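>>> Got a sequence here, can you model it:
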Amino acid sequence: MNYTNLKEKTVNGFKWSSLDKLGKLGGQFVVGIILTRLLSPVDYGLIGMITIFIVIGQSLINSGFGQALIQKKDADNVDFSTVFYFNIFTSILIYLILFLSAPLIARFYDQPQLISLIKVICISFVIDSFGLVHVTWLTKNLHFKAPSLIGIISVIISGTISIIMAYRGFGVWALVTHTVLRSAITSFSLWWVSKWKPLLVFSTKSLKKLFSFGSKILVAGLMQSVFENLYFLIIGRFFIAESLGYYTRAVQFKDLPVKTITAVVQNVTFPVFSALQDDNAKLISGYTKVIRMLAAIVLPLMAIIFITSGPLIRLVLGEKWLPVIPYLKLMALYGWIYIIFTINTQIVVVRGRSDYYLQIQIIDKVMIVIALLLTYRYNIMAIIYGNMAATVITAVVTSIYLRKVINITLLYLMKNIVPFIFAASFMLMSGIILERYIINDIWYLLSSVSLSFAVYIFILWILKVDELKSGIKMASNLIKSS
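Purely as a prediction, here's the structure:
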């Protein structure tokens, strides 16, 4: 692929992927706020109890074949069609397993209502399977406009209907409807707008070739899904549903910006990095730019979440959600590490070392299990502290593998993100100090956000960080063009 053309497609991909994620971020945030005010912590707790089973199902349906198709340079229509039919078969099988297992899961939590919830919400597995390969085809070809618009529209429609249901007293079923309806709108729309259509062919030879790469991604992704959501299982089993509801909402607030930004970058950089996988210099250059850009955006964002979490929860969600505040503040302190970890593991996969990726995931899960065994007997804050320690250790271990595949050291990584950590730390301290002198929540929100961002920009200016100049130049061009 021509590097000039690749650069143009990358820029265009970032534009549309950013629009997609920011549009969905805004839509999900507004929908989430309204639903949270209308629903109870118990409703969110019930969804939290079955979250681990939902994400396991989604991981199995994705199967790692999507990434295998993108990574394979000569993937043809037979490959895509084979994965398409495999996804559908897998989704039906997983749905039947969870349908039959629903009574056992409900008995485990002592929540009979979970039986019907599981049987309905897991229908989304089958619906999603019809659109997964279409997304992969669009992503591989760096076509992001259609899925971006579809993502925003699906959030708006499904969110509006779920809000109406919550207002009319449907409770947790509003959340279930939101999930299933969003899947249906997305899959139908992808079929309507995508140029790709499956052939009536299924090649076991193609499946075996893709499986050699995708199977390791599948196992690693499955472990990631299970252990990342193991906290919901443990808290739901050993604490009351209301406590799980608070924890679930804190995770959702933290994950919304973190995973949205990660998805934007990952969707675009994975096919781009895959195209550059044989050019070490260009791959290192691209990785460095991405890491610095992410640090520049995510670190101040996490600082803002920490600074404003108290007044935001009180003003937006109401008094019944106050227990969310300490959970959210602690999560914000280390949430940014997830993004660095994700990009690092992506480079490992791009270089074709899915075996290394699997090893990283095994180490990560061992850390999570150790942390849970040491903390679950105490309280939820202790569990979050354990998760923080496990996250930091895994991130350090990942840097060792990164050095093996691309010769990037932990020192090189820290050298590139330290200026942003330094500036975000000053930003955080300014907000904490200001909180002591301003009692009114609205005035504190306005003044703390303004002051903290001013401090952040000032520190970056003192340090002469190039990304600040680029950001100012970009903003100036946007203003001139508007």
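>>> Over to Gly352. Which of the three states is it?
State at Gly352, reduced to three classes by DSSP: H, G, I helix; E, B strand; the rest coil: coil.
>>> Can you get me a residue count around it?
When neighbours are defined as other Cβ atoms under 10 Å, Gly352 has 14 of them. C-beta: built from backbone N, CA, C; applies to glycine.
>>> Quick check on it: phi, psi?
phi 80, psi 10 (degrees, to the nearest 10).
>>> confidence score at it?
The score at Gly352 is 71. That number is its pLDDT.
>>> Next one: it from Phe86, what distance?
22 Å (Cβ to Cβ, to the nearest Å).
>>> Low-confidence ranges, the stretch 251-400 of the chain, go.
Judged by pLDDT under 70, the stretch 251-400 of the chain has its weakly predicted residues at 264-279.
>>> can you give me the helices for it?
Remark: helices assigned in the stretch 251-400 of the chain by DSSP state H, counting those that start in this stretch are 280-312, 324-350, 354-375, 380-406.
>>> Just the pLDDT for Leu460.
Per the predicted model, pLDDT is 88 at Leu460.
>>> Measure how buried it is and give me the count.
Neighbours of Leu460 under the rule other Cβ under 10 Å: 22.
>>> re earlier: could the helices of the stretch 251-400 of the chain go into JSON lines alongside distance to Thr160 and mean neighbour count?
Output for the helices of the stretch 251-400 of the chain, formatted as JSON lines (distance: least, Cβ to Cβ, whole Å; neighbours: other Cβ atoms under 10 Å):
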{"stretch": "helix 280-312", "distance to Thr160": "23", "mean neighbour count": "20"}
{"stretch": "helix 324-350", "distance to Thr160": "25", "mean neighbour count": "21"}
{"stretch": "helix 354-375", "distance to Thr160": "37", "mean neighbour count": "18"}
{"stretch": "helix 380-406", "distance to Thr160": "33", "mean neighbour count": "18"}
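>>> What I need now is these written out in CSV, including distance to Ser452 for each item.
Shown next, in CSV, are these (distance: least, Cβ to Cβ, whole Å):
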stretch, distance to Ser452
helix 280-312, 6
helix 324-350, 13
helix 354-375, 31
helix 380-406, 22
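>>> The ones you listed: which one's closest to Ile459?
helix 280-312 (10.3 Å; Cβ to Cβ).
>>> Next, the angle from the closest one to helix 324-350.
Put simply, helix 280-312 runs at 170 degrees to helix 324-350, going by axes from the mean of the first three to the mean of the last three Cα atoms, to 10 degrees.
>>> Tell me which other helices or strands helix 280-312 touches.
helix 241-275, helix 324-350, helix 380-406, helix 410-435, helix 441-462, helix 466-481 (3 or more Cβ pairs under 8 Å, 6 or more residues apart in numbering; DSSP states H and E).
>>> So which of the ones you listed is nearest Ser116?
Nearest to Ser116, of those and by Cβ to Cβ, is helix 241-275 at 16.1 Å.
>>> okay, the helices and strands packed on helix 280-312 in JSON lines with distance to Met49 next?
Converted to JSON lines, those look like this (distance: least, Cβ to Cβ, whole Å):
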{"stretch": "helix 241-275", "distance to Met49": "7"}
{"stretch": "helix 324-350", "distance to Met49": "17"}
{"stretch": "helix 380-406", "distance to Met49": "15"}
{"stretch": "helix 410-435", "distance to Met49": "34"}
{"stretch": "helix 441-462", "distance to Met49": "32"}
{"stretch": "helix 466-481", "distance to Met49": "42"}
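>>> Looking at the helices of the stretch 251-400 of the chain, spot the one closest to Phe238.
Of the helices of the stretch 251-400 of the chain, nearest to Phe238 by Cβ to Cβ is helix 380-406, at 9.6 Å.
>>> on contacts alone, who are the packing partners of the closest one?
The contact analysis (3+ Cβ pairs under 8 Å, 6+ apart) places helix 380-406 against helix 230-238, helix 241-275, helix 280-312, helix 324-350, helix 354-375, helix 410-435.
>>> average pLDDT for the first one?
Which is helix 230-238. The model assigns helix 230-238 a mean pLDDT of 83.
>>> what does it contact?
45, 48-49, 51-52, 108-109, 243-244, 247-248, 251, 368-369, 372, 376, 380, 383, 387 (Cβ atoms under 8 Å, 6 or more residues apart in numbering).
>>> Confirm for me that Val176 is in contact with Cys122.
No - judged on Cβ atoms under 8 Å, Val176 makes no contact with Cys122 at a distance of 9.9 Å.
>>> List the buried residues in stretch 77-94.
Residues of stretch 77-94 classed as buried: 79-88, 90-91, 94 (neighbour count, 16 or more other Cβ atoms under 10 Å).
>>> So for stretch 197-211, first residue to last residue, what's the gap.
Stretch 197-211 stretches 22 Å from its first residue to its last (Cα to Cα, to the nearest Å).
>>> And the contacts of it?
For stretch 197-211, using Cβ under 8 Å, 6+ apart, the contacting residues are 65, 68-69, 72, 77-86, 133.
>>> residues touching Ile406, list them.
Ile406 makes contacts with Asn280, Leu283, Ile284, Tyr287, Ile347, Arg351, as judged by Cβ under 8 Å, 6+ apart.
>>> Need those residues in TSV (columns: distance to Leu445).
Shown next, in TSV, are the contacts of Ile406 (distance: Cβ to Cβ, whole Å):
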residue	distance to Leu445
Asn280	46
Leu283	42
Ile284	41
Tyr287	36
Ile347	38
Arg351	44
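>>> Report the spatially nearest residue to Ala423, omitting neighbours in sequence.
Nearest in space to Ala423, with sequence neighbours left out and distances taken as Cβ to Cβ, 6 or more residues apart in numbering, is Ile459 at 3.8 Å.
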